[in-house]
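[1] how would this look folded up:
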Amino acid sequence: MKNKLLYHFFSDDDFLDISNKINETEKITSGEIRVAIKENISILKSKKTLKDLATEEFYKLGMASTRDKTGILIYILLSKRQFYILADSGINEKVEQFTWDKIRDEMESEFKIGNYLNGVISTVSKVGNILSKYFPIKQDDTNELSNKVIV
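    Next comes the predicted model:
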């Protein structure tokens with residue numbers, strides 16, 4: 001059955017809750033947050049680093065084309081229990097990768113104790129709070145990317 005592993009961790013309601021949290025969080029920032037949850041990767045991609053996989057997904061989702069280069073991807077690879085937060089160049093000019101790595105580690109800790117939904121929702125919230133400091137919502141802001149969870 002496809003997505004068997006995925007539904008071990010999340011329900012359809014969980015995906016809706018995550019999407020709603022992204023929507024709510026983007027009301028305080030001009031940043032664009034996406035969450036991609038992958039069960040596993042193909043053998044062809046198995047030699048790639050997690051950062052490479054996240055980067056590939058980032059471009060596939062059109063995240064590099066936001067107006068102010070303020071897209072950020074929360075990438076979750078369930079089969080390997082690995083997580084990566086990848087920010088676009090506009091964000092990287094103001095926020096160091098270390099900041100995102102710390103939040104990633106907190107999400108990983110939540111997963112280790114079985115708090116999968118809370119781990120993702122908390123991560124979206126923390127990412128949004130940091131983005132709001134550097135990229136507050138603008139009067140002419142539009143939602144440039146879907147808030148739907150990518151699976």
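
[2] Can you show me the strands along this protein?
    32-38, 71-77, 82-87 (DSSP state E).

[3] Could I get these in a markdown table, plus columns for mean neighbour count?
    Where C-beta positions appear, they are placed from N, C-alpha and C, glycine not excepted. What follows is the strands of the chain, written out as a markdown table (neighbours: other C-beta atoms under 10 Å):
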| stretch | mean neighbour count |
| --- | --- |
| strand 32-38 | 23 |
| strand 71-77 | 25 |
| strand 82-87 | 22 |
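
[4] now for the ones you listed, which one comes closest to residue 109?
    strand 82-87 (10.5 Å; C-beta to C-beta).

[5] Who is the most centrally placed residue in the chain paired with across the strands?
    Taking C-alpha atoms, centre = their mean, the centroid of the chain lies closest to residue 74, which sits 1.8 Å from it. With DSSP bridges as the criterion, residue 74 is bridged to residue 35, residue 85.

[6] ok, it - contacts?
    33-36, 83, 85, 107, 120, 123-124, 127 (C-beta atoms under 8 Å, 6 or more residues apart in numbering).

[7] want to throw those residues into a markdown table with pLDDT and distance to residue 113?
    A markdown table is the format used below for these (pLDDT from 0 to 100; distance: C-beta to C-beta, whole Å):
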| residue | pLDDT | distance to residue 113 |
| --- | --- | --- |
| 33 | 97 | 24 |
| 34 | 97 | 25 |
| 35 | 98 | 20 |
| 36 | 97 | 23 |
| 83 | 95 | 15 |
| 85 | 98 | 20 |
| 107 | 96 | 11 |
| 120 | 98 | 14 |
| 123 | 98 | 15 |
| 124 | 98 | 19 |
| 127 | 98 | 21 |
